[in-house]
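K.L.:
Sequence first, then the predicted structure, then my questions.
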Amino acid sequence: MNGVAQGDAYWTIHITPEAHCSYASFETNYKCGAYEELIQGIIAVFKPGRFTTVEHIDFASEAGNRGPQSPADCMGHRLANRVLCDFCDGAYSIQMCNYVKGGEAEN
């Protein structure tokens with residue numbers, strides 16, 4: 001499913017249902033002050049056991065102006081791993097976080 005909203009912003013959802021493990025991805029370039037609420041909404045829909053977020057943060061953007069991004073509070077999921085890389089003398093960064101449900105063991 002693809003859609004366009006608010007001018008240049010896009011939303012893309014891809015779902016691959018499999019008996020042994022399903023896969024869903026969500027991508028957007030929607031400009032907002034923080035992505036936590038958006039991530040929580042996606043979790044509420046898909047109810048994953050584990051998931052990964054990747055955020056590309058331009059520090060000239062509304063979200064980037066808030067300073068360093070913290071991992072999202074993800075409704076019953078805990079942060080298992082986090083990688084944060086800064087590029088172009090700190091002009092933007094990429095943050096990747098892996099989350100697992102509550103007490104689920106990492107693989």
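P.N.:
Arrived safely.
K.L.:
which SS class is the closest residue to His56 other than its chain neighbours?
P.N.:
Residue nearest to His56 in three dimensions, not counting chain neighbours: Ile94, with 5.5 Å by C-beta to C-beta, 6 or more residues apart in numbering. In this view, the C-beta of every residue, glycine as well, is placed from N, C-alpha and C. Classification of Ile94 using DSSP: H, G, I helix; E, B strand; the rest coil returns strand.
K.L.:
Report the beta-bridge partners for Ile94.
P.N.:
His56, Cys85 (DSSP bridges).
K.L.:
Number of residues surrounding it?
P.N.:
By other C-beta atoms under 10 Å, 13 other residues sit near Ile94.
K.L.:
before we move on, what about Ala91?
P.N.:
What Ala91 shows, counting by other C-beta under 10 Å, is a neighbour count of 12.
K.L.:
One more: the one 5 residues further on?
P.N.:
Burial measure for Met96: 13 neighbouring residues, criterion other C-beta under 10 Å.
K.L.:
Let me know whether it touches Arg82 as I believe.
P.N.:
Yes - contact criterion C-beta atoms under 8 Å: Met96 and Arg82 qualify, at 7.2 Å.
K.L.:
which SS class is the residue nearest in space to the middle of the chain?
P.N.:
The centroid of the chain falls nearest to Thr53 when counting by C-alpha atoms, centre = their mean (3.3 Å). Put simply, Thr53 is strand when judged by three-state DSSP.
K.L.:
now it, nearest residue through space, not along the chain?
P.N.:
Cys97 (5.0 Å).
K.L.:
SS state for Ala19?
P.N.:
What three-state DSSP gives for Ala19 is coil.
K.L.:
Surely the residue nearest to His56 is in contact with Val54?
P.N.:
Yes - in terms of C-beta under 8 Å, Ile94 counts as a neighbour of Val54; the distance is 6.7 Å.
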